[in-house]
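Visitor: Let's see this in three dimensions:
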Amino acid sequence: MSTETAAHEAAPGGIGFFEKWLSAWVALCIAAGVALGNVAPGLFETLARLEYASVNIVVAVLIWAMVYPMMVAVDFESLKSIGSKPKGLVITLTVNWIVKPFTMAALGILFFRYLFGDLIPPTDAEQYIAGLILLGAAPCTAMVFVWSTLTRGDATYTLVQVSVNDLIMIVAFAPICGLLLGVTNLVVPWETLLLSVVLYVVIPLGAGYLTRRHLTAKAASHDAGEQVVHDFTARVKPFSVLGLLATVVLLFGFQGQTVLEQPLTIALIAAPLVLQSYGIFAIAYGWAKAWGVPFNIAAPCALIGTSNFFELAVAVAISLFGLNSGAALATVVGVLVEVPVMLSLVAFANRTQSWFSRA
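Guide: Numbers count the residues shown, from 1 in each chain. This is a model prediction of the structure:
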């Protein structure tokens, strides 16, 4: 099995059952969390006290369960081909690290300080801006393979993009977040921010690398090693799913009373997120067309820039501002809107593939 084949099998047969209905699962968990938060508030207060160095132990374990399988799937051997077809990589990295974080911060300020200024208290508005900033600074890692498969993208090239993004994330995520959070009226706890990067990026990425190395050490060939890695990630994927859904229940358990008292809040948070997603896709897709990038690279590179690493954003928001903060709520709304928006963009890309050359 080649690297390309292995990447395709990250989402065999296109989008999986869980991914296809992700918004529905998240909506159900939101309802469950809100109900439990109002029926048993003492339970969530007890869980909130399980902290060490501003990190909630329960949430940390759930986040590790979410991100570990995707880190095992990252193949750093793919970086050997980084010099081939550089245009798509240049577009993705520019959009992810130079454009996207800043447009997300600008939209957050525009919507919550001005357009929605009369609807939301200023202190809540700053929290929602912070949550949007954390989402904008975290490019997608796991769902990338799903979007690439649905557009018949170059799977090997997608692996290269994910690997490079993850390495950049180690050194760029905290400085970008710190810089942009500085425009809010919130105090940026740098020690907690850096600790979050170590906890939710460095440690899972290191664990994933060591696991992958162990799994492939005794394989007779590269293809056999990729099959072993694929089988392993398939076995641990249910824990990732449970981690995501349990985190959503916890978050909305803490936010339950707020959600019932302010039902429009979710829609208000979703508005700049949806606008940002379509705008970033338009920039990357249009740039790829103007640059003559073939469709099997243009589509995934635009979709990668549009999608978010929402697991990281949720975890960091909780560490920085607390489980029941507005910032944490904003990152969870990002989970809710992600899949329907991305599926609409996949459909658009497939309908317009005649605009591009074939590889």
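Visitor: avg pLDDT for stretch 334-345?
Guide: What stretch 334-345 shows for mean pLDDT is 82.
Visitor: next one: that stretch to chain centre, how far?
Guide: 11 Å (C-alpha atoms, centre = their mean, to the nearest Å).
Visitor: Can you tell me what sits against it?
Guide: Defining contact as C-beta atoms under 8 Å, 6 or more residues apart in numbering, one finds that stretch 334-345 is touched by 15, 19-20, 22-23, 26-27, 30, 131-132, 135, 143, 147, 244, 248, 266, 270, 273-274, 277-278, 281, 302-303, 306-308, 310, 313-314. (C-beta placed from N, C-alpha, C; glycine too.)
Visitor: please redo it, this time with the cut-off set to 6 Å
Guide: 22-23, 26, 135, 270, 273-274, 277, 281, 307-308, 310 (C-beta atoms under 6 Å, 6 or more residues apart in numbering).
Visitor: Find the nearest non-adjacent residue to the residue most central in space within the chain, please.
Guide: Centroid-nearest residue in the chain: Phe309, 1.4 Å away (criterion: C-alpha atoms, centre = their mean). Nearest non-adjacent residue to Phe309, counting by C-beta to C-beta, 6 or more residues apart in numbering: Ala138, 3.9 Å away.
Visitor: Hmm, that neighbour is touching Glu311, no?
Guide: No - when contacts are counted by C-beta atoms under 6 Å, Ala138 is not listed as touching Glu311 (8.4 Å).
Visitor: Give the other helices and strands that the longest helix anywhere in the chain contacts.
Guide: Across the chain, the longest stretch assigned as helix under DSSP state H is helix 222-261. Under the contact definition 3 or more C-beta pairs under 6 Å, 6 or more residues apart in numbering; DSSP states H and E, helix 222-261 sits against helix 22-39, helix 57-73, helix 203-216, helix 326-351.
Visitor: mind listing what's buried in the shortest one?
Guide: Under the neighbour-count criterion of 16 or more other C-beta atoms under 10 Å, helix 203-216 has 203-205, 208, 211-212, 215-216 buried.
Visitor: Ala106 belongs to a helix, doesn't it?
Guide: Yes - the assignment for Ala106 (DSSP: H, G, I helix; E, B strand; the rest coil) places it in a helix.
Visitor: Look at it and report its pLDDT.
Guide: Confidence score, pLDDT, at Ala106: 96.
Visitor: Please apply the same query to Phe281.
Guide: Confidence score, pLDDT, at Phe281: 96.
Visitor: secondary structure element for it?
Guide: In this structure, Phe281 is located in helix 265-290 according to DSSP states H and E.
Visitor: name the helices or strands packed onto that helix?
Guide: Helix 265-290 packs on helix 86-94, helix 100-109, helix 295-306, helix 326-351, going by 3+ C-beta pairs under 6 Å, 6+ apart.
Visitor: Please name every helix or strand in contact with the next helix or strand after the third one.
Guide: Right, helix 295-306. As assigned by DSSP H and E, the chain's next helix or strand after helix 295-306 is helix 310-321. The contact analysis (3+ C-beta pairs under 6 Å, 6+ apart) places helix 310-321 against helix 57-73, helix 122-136, helix 190-197, helix 326-351.
Visitor: What separation do you get for the nearest residue to Ser325 once chain neighbours are set aside and Leu93?
Guide: What sits nearest to Ser325 in space, not counting adjacent residues and going by C-beta to C-beta, 6+ apart, is Gln127, at 5.7 Å. Using C-beta to C-beta, to the nearest Å, one obtains 30 Å as the distance from Gln127 to Leu93.
Visitor: which one of these two has more residues nearby?
Guide: Gln127 (25 against 18; other C-beta atoms under 10 Å).
Visitor: Verify the stated contact: that one with Gly326.
Guide: Yes - Gln127 lies in contact with Gly326 (C-beta under 6 Å); the separation is 2.8 Å.
Visitor: Buried residues in stretch 37-49, which are they?
Guide: 37, 44, 47-48.
Visitor: Hmm, Phe111 is touching Leu273, no?
Guide: No - using C-beta under 6 Å, Phe111 is not in contact with Leu273; the gap is 9.6 Å.
Visitor: neighbour count winner among the two?
Guide: More crowded of Phe111 and Leu273, by other C-beta under 10 Å: Leu273, with 25 against 22.
Visitor: Any figure for the gap between the closest residue to the more buried one other than its chain neighbours and Ile98?
Guide: Once flanking residues are discounted, Leu273 sits nearest to Val337: 5.3 Å by C-beta to C-beta, 6+ apart. Distance of Val337 to Ile98, given as C-beta to C-beta: 24 Å.
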